[in-house]
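1. have a look; sequence and predicted model below, questions after that.
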Amino acid sequence: MREVDVFVIGAGPGGYVAAIRCGQLGLKTLVAEREWLGGVCNWVGCIPSKALISASKLYRKAHEASEIGITFTGAQLDWGKLQAWKRQVTKKLSDGVGGLLKGNKVDLLMGTAKLTGKNSAEVRSGDGKVEQVRFKSCILAAGSAPIEIPGFKPDGKRIITSTEALELPGVPKRLVIIGAGAIGLEIACFYRNFGSHVTVVELMPQVLPGTDGEVAKTLHRYLTKRGIEVHLEAKAKSATASATGVKVEFEAGGKPHVVEADHCLVAVGRRALTQALGLDAAGIQLHEKGWVRVNERLQTNVQHVYAIGDLVGPPQLAHKASKEGLVAAEVIAGKKGAMRDFVTVPGVIFTDPEVATAGLSEEDARKANHDVGVGKFPFTASGRALTAMETEGFAKVVFDKKTRLVLGVHIVGPEASDLISEAALALEMGATVEDLAWTVHPHPTLGEALCEAAEDAEGLGIHTLKRAA
């Protein structure tokens, strides 16, 4: 029997961060991980997908460089070497997590963990060995898995999830993707950059459902321009696999469609991995949608058991999970902490071009009865974007006309994933559009787009003409 102050189930971006902070705060901590140190994010999610996305953009730019007088001779893709490099990146980060846990005196058990009572758990290793754990507090951070839909049961070869999509034996000639959310569109973009013909089938009336409508429409336009075929308000019917490919049937515009492809990726979202955690043994309650119920201190109805990350519902983001892990650890240590406002949590989609959002969309701000104003700046007017050959999209500031407070910032364009952090800070601090406009931004940079969008919100944009009312 191992006895600890804190037992953490799951060593993904929520769990390992929580465990490290517990160790830093002097708590005797044990973390159990079923499969991957660093979690899905590090091994079959955030990191490997971004490695392939970065490589695909480089590949695309190499083929477009002739426009500025640079010609590459014989630029070719070695898929096997690229995959080996990707795995090297993920292993390096995973090893780093292991070193950080050890350096903060956090013990690690590799195996499947489940609760056996309100203060007890067991960890079963791959060889069948079972270790009993007794804890004062527990943090559940088991993560999520891809959602399956009728008619599209994954077989790991032709009908696949995002896990297999990152490990295909080669670049597919034809790829069908069910779902135009972040995961589906990121994979669509990098395979398109590598030369695949990509068809995307989405049930909702826009790509990236829930994202600012103007941003979604702009991204849709660029996806189409890049050669990705997108079907909206389309219902996926079935996928039939064979030895050589897969036949996908869907309905769009009231008409049946059949597409032949090498693979069909199902990317319609992720479900919380609650089933095997032994929640019943501890008396832990679930939300009606299957998430673990928690309060703002991340406590379940059993107050010394906490839950974080994908287990507690959207937004299902690694950085949200990490922040929740810090909050849970500090609450356990007797410090003040809470997750109060998810509006300030930025969302990033690493499409080509990128999309990043923080705060309320224009549509949601109006629904919340704000007197909405908007400021915009197109990257076509950015000197830095022009010199980088990345002029797609715009930065958009949504604000309240009465209070002048920034309500949301939405970016589609180059390096949006980095630019959005300033917006998150502005929202967290309650900044006004004047605060953004009067913050001096270095020139020439992409970050100037936020300043310019705020100036446009004031009707005083320098590098864009004032829009008609």
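-> That came in fine, so what should we check first? Keep in mind that this is a model prediction, so the values were computed, not measured.

2. let me see the mean pLDDT of whichever strand or helix holds Phe135.
-> Using DSSP states H and E, Phe135 sits within strand 130-140. Strand 130-140 comes out with an average pLDDT of 98.

3. what's that strand packed up against?
-> Using 3 or more C-beta pairs under 8 Å, 6 or more residues apart in numbering; DSSP states H and E, the elements in contact with strand 130-140 are strand 2-9, helix 15-24, strand 29-33, strand 120-124, strand 305-307, helix 318-332. Every residue, glycine included, has its C-beta placed from N, CA and C.

4. Ile149 is nearest to which of those?
-> helix 318-332 (24.2 Å; C-beta to C-beta).

5. now find how far off-centre the closest one is within its chain.
-> Taking C-alpha atoms, centre = their mean, to the nearest Å, the mean C-alpha location of helix 318-332 is offset from the chain mean by 17 Å.

6. kindly calculate the angle that that helix makes with strand 2-9.
-> Interaxial angle of helix 318-332 relative to strand 2-9 (axes from the mean of the first three to the mean of the last three C-alpha atoms, to 10 degrees): 150 degrees.

7. returning to what we had before: now the element after the strand holding Phe135, going C-ward?
-> Elements were assigned by DSSP H and E; along the chain past strand 130-140, the next helix or strand is strand 144-146.

8. what does that next one contact?
-> Strand 144-146 has contacts (C-beta atoms under 8 Å, 6 or more residues apart in numbering) with 40, 154, 161-163, 266-267, 269-273, 309-311, 316.

9. residue contacts, Ala19?
-> Shown in contact with Ala19 (C-beta under 8 Å, 6+ apart): 6, 8, 11, 29, 31, 101, 104, 106, 139, 325, 329.

10. before we move on, what about Val230?
-> Contact analysis of Val230 by C-beta under 8 Å, 6+ apart lists 180, 199-200, 202, 207, 220, 223-224.

11. go again with 10 Å.
-> By C-beta atoms under 10 Å, 6 or more residues apart in numbering, the residues touching Val230 are 177, 180, 185, 188, 198-202, 206-207, 219-221, 223-224.

12. again, but for Thr240
-> Counting by C-beta under 10 Å, 6+ apart, Thr240 touches 151, 158-159, 246-249, 258, 264.

13. follow-up on the earlier one: farthest-apart pair in the contacts of strand 144-146, please.
-> Greatest spatial distance among the contacts of strand 144-146 (C-beta to C-beta): Pro154 and Gly309, at 22.8 Å.

14. show me which of those two is the more surrounded one.
-> Neighbour comparison, Pro154 and Gly309: the larger count goes to Gly309, with 33 against 18 (by other C-beta atoms under 10 Å).

15. and the gap between the more buried one and His319?
-> Going from Gly309 to His319 by C-beta to C-beta, to the nearest Å gives 10 Å.

16. what touches both of the two?
-> 13-14, 17, 41.

17. using CSV, list the CA coordinates for stretch 440-448.
-> This file holds the C-alpha atoms of stretch 440-448, laid out as CSV (Å, rounded to 0.1, in the frame of the first residue of the first chain):
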residue,chain,number,x,y,z
VAL,A,440,3.1,51.0,-28.7
HIS,A,441,3.7,48.0,-31.0
PRO,A,442,7.1,47.5,-32.7
HIS,A,443,7.2,48.0,-36.5
PRO,A,444,7.2,46.1,-38.8
THR,A,445,5.5,43.2,-36.9
LEU,A,446,2.3,41.2,-37.2
GLY,A,447,1.4,42.3,-33.7
GLU,A,448,0.7,45.8,-35.1
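
18. quick one: average pLDDT of that stretch?
-> Averaged across stretch 440-448, pLDDT comes to 97.

19. the contacts of Thr240, buried ones only, as a ChimeraX selection?
-> Only the buried members of the contacts of Thr240 enter the following ChimeraX selection, criterion being 16 or more other C-beta atoms under 10 Å:
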select :151,158,159,246,247,248,249,264
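
20. measure stretch 401-416 end to end?
-> End-to-end span of stretch 401-416 (C-alpha to C-alpha, to the nearest Å): 25 Å.

21. what comes up buried for that stretch?
-> Neighbour counts over stretch 401-416 (16+ other C-beta under 10 Å) mark 405-416 as buried.

22. equivalent analysis for stretch 83-90, please.
-> 83, 86, 90.

23. ok, back up a step: ok, and the most crowded of the contacts of strand 144-146?
-> Most surrounded of the contacts of strand 144-146: other C-beta under 10 Å gives Gly309, at 33 neighbours.

24. relative to Gly325, how far out is it?
-> Counting by C-beta to C-beta, the gap from Gly309 to Gly325 is 8 Å.

25. which residues are in contact with both of the two?
-> 10, 12-15, 17-18, 139, 141, 298.

26. re earlier: figure out how far the strand holding Phe135 is from the centre of its chain.
-> Here strand 130-140 is found 29 Å from its chain centre; the criterion is C-alpha atoms, centre = their mean.

27. who does it pair up with?
-> Strand 130-140 has its sheet partners listed here by DSSP bridges as strand 2-9 (parallel), strand 120-124 (antiparallel), strand 305-307 (parallel).

28. ranking these by burial, who's on top?
-> Most buried of the strands paired with strand 130-140, by mean neighbour count (mean count of other C-beta atoms under 10 Å): strand 305-307, with a mean of 28.

29. quick one: mean pLDDT over the longest helix along the chain.
-> As assigned by DSSP state H, the longest helix anywhere in the chain is helix 79-103. On average, the pLDDT along helix 79-103 is 97.
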